[in-house]
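> Provide a 3D model corresponding to the input given below.
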Amino acid sequence: MMYPNDFVIESYSVPNTLIESLKNSKIPMDISELEVSEIKNNQNIGNIRCVDIERYNTFRNKNWTLKSGEIIGIDLKLEEDFEALNGDSFISIYTINGQQFDYSIKSRYWENIFGVFENYGNEYLFLMNHRDYEDISRHGQNKHIIFVNAKEHGDQNRIKQVLNDYEQQDEMKVRIYEKDKYVEINRNVILCMLIVFVLVAIVITIFKNSAIYINTFSQIDYLSEKYKAYYIMGMNKKTIANTATRELQLPFLIPVILACILSMMYLYILSGVNRVEQRSQIYTFFAIFIVGYLTLEYIYYKILKKQFISYILRRLG
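Take a look at the predicted model:
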């Protein structure tokens, strides 16, 4: 699921007053907490978050165990179609003050724990036993992450109001990430890209069809004389009409094929922006767009063909 949490709250100290405010609101919700140690400026894999396996087991209702020097690597990137941590068996973590910690990777996998939030895009989560966590956390920055999920969809706005009220009087500077905010941003990005696509397609289509019209009728006298010569040599009007039609089809066919190919490429790009939410809407839009585009192109082709063939046949006498 692309957006697993309604709200994600970050704080460098335990936000007890915030948790109390949420509980006192009497709104049915699930609240869970995870403490992580952020290791920044890592030399080889970027920012990471280390978690005590015992805390993670409580958070995720697991019973995993790790020996000293072992870790479980969780890739937090937004895509599943890659090999987590590049398939490495060992990894070194470099802290900002130059300390190096070496671990063997017991297992690795992808999981979207936090959700699609801008500061989780290219990070890793490493689970380690309690002793290893205590050692490396001295070189990191501890952060408390609170996950809040409404039990009923309609209660999300009520929770949001509680959080907004808390933010206005907060002195701990918590950061609150709201799922709906990023869903809306993502929708706006998709909408803008679709509008740009449609506008560009309209401009290109007008230019292309104008060029075809001008090119066709700028040569109409030459083509008329050519087909008149064929007619004098014995070619009947039906054969001439079919030959002229095939000559008109090529300038239409190639741009239409290219337009369909480019549309598929753009569709692939857009589906990559949002791999779960609104994917069916994007596919539906492109299906309607392509059908509409092909229909309009066909109508324009039939109109131009009728004018073109009629002019050719009239000149035959």
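> how far off centre is the helix or strand hosting Tyr133?
Using DSSP states H and E, Tyr133 sits in helix 130-137. Centroid separation for helix 130-137 versus its chain: 36 Å, with CA atoms, centre = their mean, to the nearest Å.
> what sits up against that helix?
Contacts made with helix 130-137 from outside it, assessed by CB atoms under 8 Å, 6 or more residues apart in numbering, are listed as 37, 39, 50-54, 66, 68-69, 71, 93, 95, 101, 103, 128. For glycine as for every other residue, the C-beta is placed from the backbone atoms N, C-alpha and C.
> so where's the stretch 201-317 of the chain shaky on pLDDT?
Along the stretch 201-317 of the chain, the parts satisfying pLDDT under 70 run over 271-278, 317.
> ok, the spatially closest residue to Val162 that is not a sequence neighbour - contacts?
Once flanking residues are discounted, Val162 sits nearest to Ser25: 5.0 Å by CB to CB, 6 or more residues apart in numbering. In this structure, Ser25 makes contact with Arg158, Ile159, Val162, judged by CB under 8 Å, 6+ apart.
> which residues in this structure form helices?
Listed in chain order, the helices found in the chain under DSSP state H are 16-24, 53-60, 130-137, 156-169, 179-218, 220-232, 237-273, 279-316.
> tell me which of the ones you listed approaches Ser89 most closely.
Proximity to Ser89, assessed across those by CB to CB, is greatest for helix 130-137 (17.1 Å).
> so Thr95 touches Ile39, yeah?
Yes - contact criterion CB atoms under 8 Å: Thr95 and Ile39 qualify, at 5.8 Å.
> joint contacts of these two?
Common neighbours of Thr95 and Ile39 (criterion: CB under 8 Å, 6+ apart): Ile136, His139, Gly140.
> tell me the one of the contacts of Ser25 nearest Ser218?
Looking across the contacts of Ser25 and measuring by CB to CB, the closest to Ser218 is Ile159, at 67.0 Å.
> one step back: export the helix holding Tyr133 to PDB, keeping only CA atoms.
Written as PDB, here are the backbone C-alpha positions of helix 130-137 (Å, rounded to 0.1, in the frame of the first residue of the first chain):
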ATOM      1  CA  HIS A 130      20.200  -4.100  21.500                       C
ATOM      2  CA  ARG A 131      23.900  -4.000  22.100                       C
ATOM      3  CA  ASP A 132      24.800  -3.000  18.600                       C
ATOM      4  CA  TYR A 133      22.100  -0.400  18.600                       C
ATOM      5  CA  GLU A 134      23.400   1.100  21.800                       C
ATOM      6  CA  ASP A 135      26.900   1.400  20.300                       C
ATOM      7  CA  ILE A 136      25.900   3.000  17.100                       C
ATOM      8  CA  SER A 137      23.200   5.300  18.500                       C
END
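> now do the buried residues in it.
Within helix 130-137, the residues that count as buried by 16 or more other CB atoms under 10 Å are Asp132, Tyr133, Ile136, Ser137.
> swap in stretch 223-238?
With burial defined by 16+ other CB under 10 Å, the residues of stretch 223-238 counted as buried are Leu223, Ser224, Lys226, Tyr227, Tyr231.
> alpha carbons only: can I get that stretch in CSV?
Coordinates of each C-alpha in stretch 223-238 appear next as CSV, following Å, rounded to 0.1, in the frame of the first residue of the first chain:
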residue,chain,number,x,y,z
LEU,A,223,-1.1,15.3,-59.0
SER,A,224,-4.2,16.1,-61.1
GLU,A,225,-2.1,16.2,-64.2
LYS,A,226,-0.3,12.9,-63.3
TYR,A,227,-3.6,11.1,-62.7
LYS,A,228,-5.1,12.6,-65.8
ALA,A,229,-2.2,11.1,-67.8
TYR,A,230,-3.0,7.7,-66.1
TYR,A,231,-6.6,8.1,-67.1
ILE,A,232,-5.7,8.8,-70.7
MET,A,233,-3.5,5.7,-70.7
GLY,A,234,-6.5,3.6,-69.7
MET,A,235,-6.6,3.5,-65.9
ASN,A,236,-10.2,3.8,-64.7
LYS,A,237,-11.5,6.3,-62.1
LYS,A,238,-11.9,3.7,-59.4
